[in-house]
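Q: model the following, please.
(one chain, ligands or ions: 1)
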Amino acid sequence: MDRRNFLRAAVKSIIAAAAAGVAAVAAYFMYPANVRARQLIYCECMDEDSLPKHGVKRAEYRFELKGKEMTAAVYLVNHEGTLYALSPVCSHLGCLVNYNRHTDVFICPCHGGKYDTAGEVISGPPPAPLARLPMKVENGRVYIGVMLPAVAA
Ligand code: FES
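A: Residues are numbered from 1 along each chain as shown. Model prediction:
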């Protein structure tokens, strides 16, 4: 390797290392510590047979957080054969939305935000869609994924 090629390789290596460093620092500041140190757990929710054949169904699931039993709600949606789980937490200020089966719309009681059954904002102040939650079916049971703070080692 002549001197010119050596210098080119050295400069490329330095640029690659700097880019990796910038990406790591950016990731550190983009996600707060409580988000970086979270873990996904799956909570049993219902029988697979209870999933909606079409439309929206509200369900609950339980999980333990810091030694306390917690209950959370989820909306399970079957839209033309596609199943997904929507969080009921409004993206505006975190109130819990309600599903209106007559209008087929999720309505937030706090400031009137409205979402369609895909979770997309129809009107009102919500800045983002309802979150889709991880979901899986195993051995005939439906599980909902929840992000919890990681347990300190
Ligand atoms: S909290 Fe839902 S619209 Fe404001």
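Q: domains for the chain, by residue range?
A: 3-30, 38-149 (automatic domain parsing).
Q: now the longest one, how far from the chain's geometric center?
A: Taking Cα atoms, centre = their mean, to the nearest Å, one finds the center of domain 38-149 at 10 Å from the center of the full chain.
Q: most packed of the domains of the chain?
A: domain 38-149 (a mean of 15; mean count of other Cβ atoms under 10 Å). No exception for glycine: its C-beta is placed from N, CA and C like everyone else's.
Q: can you confirm whether that one lies near the ligand?
A: Yes: counting by Cβ under 6 Å from any ligand atom, the ligand is contacted by domain 38-149 at 90, 92-93, 95, 108, 110-111, 113, 124-126.
Q: in CSV: the residues you listed, plus secondary structure.
A: Formatted as CSV, the residues of domain 38-149 next to the ligand follow (DSSP: H, G, I helix; E, B strand; the rest coil):
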residue, secondary structure
Cys90, coil
His92, coil
Leu93, coil
Cys95, coil
Cys108, coil
Cys110, coil
His111, coil
Gly113, coil
Gly124, coil
Pro125, coil
Pro126, coil
